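J.: missing the sequence, but the structure's below:
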């Protein structure tokens, strides 16, 4: 199985990558993880991959193309871990995912002479993914020792926006179980020991030089209309939401923006 | 075959649901019916499902996730009809579809203790759809007698907007064959006895406190540029269109808005 | 394999076409080439098909639906070439692609009496594609001698915008290897003899009654921020780009607009 993750949106670029894959292996199974990564936003891609690869069957090959450096000398990587394969430009996209996995081997994917200088998704990564998926990882001869590092910034109560989803939820990388005042210990009897308590307590949220005071709820339904609130999202981090509305129409945040919650 | 219908747009949420399905059944066939349901718009999802499920092969399992009540006590349903399976939150989404079908059985899908409170598409519905598609419907033990009702409002000449499509067509649930003055009986000799006649007669359209006068045409080409007009859409209901343009840029309608045509 | 190319965007119309295909042939392999063709923009569809069909496996059937004339007497075509099949309305969409291929046969697809007058994607083209993909091309009895012509305008240094991609790149049909001053002969020693040279020379770009002076770069990284520049795109034509930005937010071009580069 080949899983695609790109910032190509609804462009034909995704379709062409599939054409390339099927031309190499007519029996390949290709799945779209996501293509609406914000253009060139490696942070967002890194977050999405890190949190979601584990929902796919073992043995899957992830083909990740968010590649502002296309056409330069940046390397193209193929990584084998204990359970998956990953193909991506060497720009940090894979860093957070590989921190969680056991790396077996990293190889460099050669860029053909006649590759386009703007579309390695088609000319480099789709081909590599198709071949790896067929079992040809070992054909990549050049070993790689060190790859680009991209840590998603996070320390006590401070983190970053990592994704705006379709509903306008502002997703952060701040664990819902961490910063003390948000996650009351007296809530320990709840379904998860560290879940935020649904209460009237206010939390302070700082983002883009503005301060907000927000409640934290257990589900969307508990919030009032027109009220920005905190909630534990599906990757167990804090999100800012607006019930039956779009939180980010107010906040205007982008993936990569710093955020502080206390 | 599993058919997905959600309001997840281009988000990764759709991709993750597929990962979950393939992890349960690597041979599953998964098809996207539509993911750009307006956020939380159960009416729109209800309309789309009702009109389109019948175009899919018998035996298909529809996995429908438009779920503003996620994380509350609303039930998760699995329905077996004579020809299809349906999985959805119990919020009325399935009502109109099930009115047309012969219901064989309705069961409740249990929500696991550790399910996210914001994403049952991944933790409840995708899993259930994969298992049902594998033949395990009977494993759901808890029978359901009564489900939430959601009728799409319609009476003589009055109905609702049920969908805005990509072209800006404002789709209503008013049958093109019904309200008398729009659908001339003298047209009975045409290809369908009750088709609207292409003529210069004007029809009165009331929507969002505004009144319009519109012609009704047999195809887009017959209309003039810059003219809002009525046409019979592909689900045999009336739509408001603008030739080579976007009707809803003028009308600013939303699914659920009342509309009156006479 | 059936490859879909439409202007249906994220609408349910694509999903329904797949339902129709799978109802005819449950084993069909269906791939999305692209669905975000600008509404009714046959030029854009023509360009995308022409440049991308060759990336798909031989034998594929392309089902192309950009069809402003739906419901009129315009014909529905099925074309067999030496390597592929194509299904589309007879509105010029296939012209540029067929200029490159060896046409074996062109047949007319009959429109059923009860076909919708707004959605032949479902009622005509998806069905035809499914049947052709199953090997039933010869069942189409009516031969077609002449089809609609649609040339993508291009002469020395003058051409048209053929596509705006997800990144806001303004893609033209002007070959990157053609107009003399842009493509220096002294660059002949480079990877491709006619590649544009990365240099400080300025080129004149005329579009929508405005004139710009732009550099031409070998890759995105070489450009400065906030600088509109020319680059050779992945179909070997000139594109206007903005590094880490959206060129078309400035240019406001549409597919079909004339452009002059010297």
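T.: Structure's in. What do you need? Just so we're clear, the structure is a prediction, and the values are computed from it rather than from any experiment. Numbering: from 1, shown residues only, chains lettered A, B, ... in the order given.
J.: quick one: contacts for the closest residue in space to residue A:77 that isn't next to it in sequence?
T.: Counting by Cβ to Cβ, 6 or more residues apart in numbering or on different chains, residue A:90 is the residue found nearest to residue A:77 once chain neighbours are left out, at 5.0 Å. All C-beta spots, glycine's among them, are computed from the backbone N, C-alpha and C. Shown in contact with residue A:90 (Cβ atoms under 8 Å, 6 or more residues apart in numbering or on different chains): A:74, A:75, A:76, A:77, A:144, A:147, A:148.
J.: repeat that with 10 Å
T.: Contact partners of residue A:90, counting by Cβ atoms under 10 Å, 6 or more residues apart in numbering or on different chains, are A:67, A:69, A:74-77, A:106, A:108-109, A:144, A:146-148.
J.: Residue A:14 too?
T.: Neighbours of residue A:14 in contact, by Cβ under 10 Å, 6+ apart: A:4, A:6, A:8, A:30, A:32, A:35, A:65, A:121-122, A:126, C:31-34, C:166.
J.: So what's the residue count around whatever residue of the stretch 101-250 of chain A ends up closest to chain B?
T.: Going by Cβ to the nearest Cβ, chain B is nearest to residue A:219 of the stretch 101-250 of chain A, at 2.9 Å. For residue A:219, the count of nearby residues is 20 (other Cβ atoms under 10 Å in any protein chain shown).
J.: hang on, it packs against residue B:117?
T.: Yes: between residue A:219 and residue B:117 there is a contact under Cβ atoms under 10 Å: 4.8 Å.
J.: Pull up the overlap in contacts between the two.
T.: Common neighbours of residue A:219 and residue B:117 (Cβ under 10 Å, 6+ apart) are A:231, A:232, B:70, B:71, B:72.
J.: Let me see the contact set for the residue lying closest to the third one once chain neighbours are set aside.
T.: Yep, that's residue B:70 we're talking about. Excluding its sequence neighbours, the residue lying closest to residue B:70 (Cβ to Cβ, 6+ apart) is residue B:120, at 5.2 Å. Listed by Cβ under 10 Å, 6+ apart, the contact set of residue B:120 reads A:234, B:65, B:67, B:69-71, B:74, B:76, B:89, B:109, B:111-112, B:126-128.
J.: circling back to that earlier point, would you mind measuring from the residue nearest to residue A:77 to residue A:65?
T.: 12 Å (Cβ to Cβ, to the nearest Å).
J.: Need the residues touching each of the two.
T.: residue A:76.
J.: Model confidence score at the residue nearest to residue B:70, please.
T.: pLDDT recorded at residue B:120 is 98.
J.: And for the one 4 residues further on?
T.: Residue B:124 is assigned a pLDDT of 98 by the prediction.
J.: State the three-state secondary structure for it.
T.: Classification of residue B:124 using DSSP: H, G, I helix; E, B strand; the rest coil returns helix.
J.: which stretches of the stretch 151-262 of chain A form helices?
T.: A:247-251 (DSSP state H, counting those that start in this stretch).
J.: Residues of it that sit close to chain B?
T.: Residues of the stretch 151-262 of chain A found near chain B (Cβ under 10 Å from any Cβ of the partner chain) are A:163-169, A:191-192, A:195, A:217-222, A:231-236, A:239, A:241, A:243-246.
J.: Keep only those of those that are also close to chain C.
T.: Applying Cβ under 10 Å from any Cβ to these, none is adjacent to chain C.
J.: Can you flag the buried ones in these?
T.: Buried residues within those, counting neighbours by 16 or more other Cβ atoms under 10 Å in any protein chain shown: A:163-169, A:192, A:195, A:217-222, A:231-235, A:239, A:241, A:243, A:245-246.
J.: re earlier: quick one, phi/psi of the residue nearest to residue B:70?
T.: phi -80, psi -10 (degrees, to the nearest 10).
J.: how far away is it from residue A:174?
T.: 23 Å.
J.: all helices of the stretch 1-150 of chain A, in order?
T.: A:12-24, A:42-52, A:95-100, A:120, A:126-133.
J.: excluding its backbone neighbours, what's nearest residue A:52?
T.: residue B:16 (5.2 Å).
J.: per-residue confidence at residue A:38?
T.: At residue A:38, pLDDT is 97.
J.: shaky segments in chain A?
T.: Under the criterion pLDDT under 70, the flagged ranges of chain A are A:178-201.
J.: Distance-wise, check the residue positioned nearest the centre of it relative to chain C.
T.: By Cα atoms, centre = their mean, chain A has its centre lying nearest to residue A:48, at 1.7 Å. Using Cβ to the nearest Cβ, to the nearest Å, residue A:48 is found at 17 Å from chain C.
J.: Residue A:227 too?
T.: Distance from residue A:227 to chain C, by Cβ to the nearest Cβ: 29 Å.
J.: before we move on, back to that, any idea which of the contacts of residue A:90 is closest to residue B:260?
T.: Closest approach between the contacts of residue A:90 and residue B:260, by Cβ to Cβ: residue A:67, at 52.3 Å.
J.: Could you double-check that residue A:11 lies in contact with residue C:168?
T.: No: with contact defined as Cβ under 10 Å, residue A:11 does not count as touching residue C:168 (11.1 Å).
J.: Could you measure from the residue in chain A that chain C sits nearest to over to residue C:241?
T.: Here chain A gets closest to chain C at one residue, residue A:71, 2.9 Å apart by Cβ to the nearest Cβ. Separation of residue A:71 from residue C:241 (Cβ to Cβ): 11 Å.
J.: Would you mind grabbing the residues shared as contacts by those two?
T.: In contact with both residue A:71 and residue C:241: A:118, C:217, C:219, C:220, C:231, using Cβ under 10 Å, 6+ apart.
J.: All the strands of chain A, residue numbers only.
T.: A:2-6, A:30-34, A:61-65, A:76-81, A:85-89, A:103-109, A:158-164, A:170-175, A:203-207, A:210-217, A:228-232, A:237-242, A:258-261 (DSSP state E).
J.: gap between the shortest one and the chain center?
T.: What that stands for is strand A:258-261. Offset of strand A:258-261 from its chain centre (Cα atoms, centre = their mean, to the nearest Å): 19 Å.
J.: strand partners of that strand, parallel vs antiparallel please.
T.: Counting by DSSP bridges, the strands paired with strand A:258-261 are strand A:158-164 (antiparallel), strand A:203-207 (antiparallel).
J.: and among those strands, the most buried is which?
T.: Mean neighbour count (mean count of other Cβ atoms under 10 Å in any protein chain shown) peaks for strand A:158-164 among the strands paired with strand A:258-261, with a mean of 24.
J.: Taking strand A:30-34 as reference, get the angle to that one.
T.: Relative orientation of strand A:158-164 and strand A:30-34, computed by axes from the mean of the first three to the mean of the last three Cα atoms, to 10 degrees: 130 degrees.
J.: quick check: angle from strand A:158-164 to strand A:170-175?
T.: Using the same axes, to 10 degrees: strand A:158-164 against strand A:170-175 is 140 degrees.
J.: from memory residue A:220 sits against residue B:116, does it?
T.: No: using Cβ under 10 Å, residue A:220 is not in contact with residue B:116, being 11.9 Å away.
J.: anything in contact with each of these two?
T.: Common neighbours of residue A:220 and residue B:116 (Cβ under 10 Å, 6+ apart) are B:70, B:71.
J.: Among the shared contacts of residue A:71 and residue C:241, which pair sits farthest apart?
T.: Top of the distance list for the shared contacts of residue A:71 and residue C:241 (Cβ to Cβ): A:118 and C:217, 10.4 Å.
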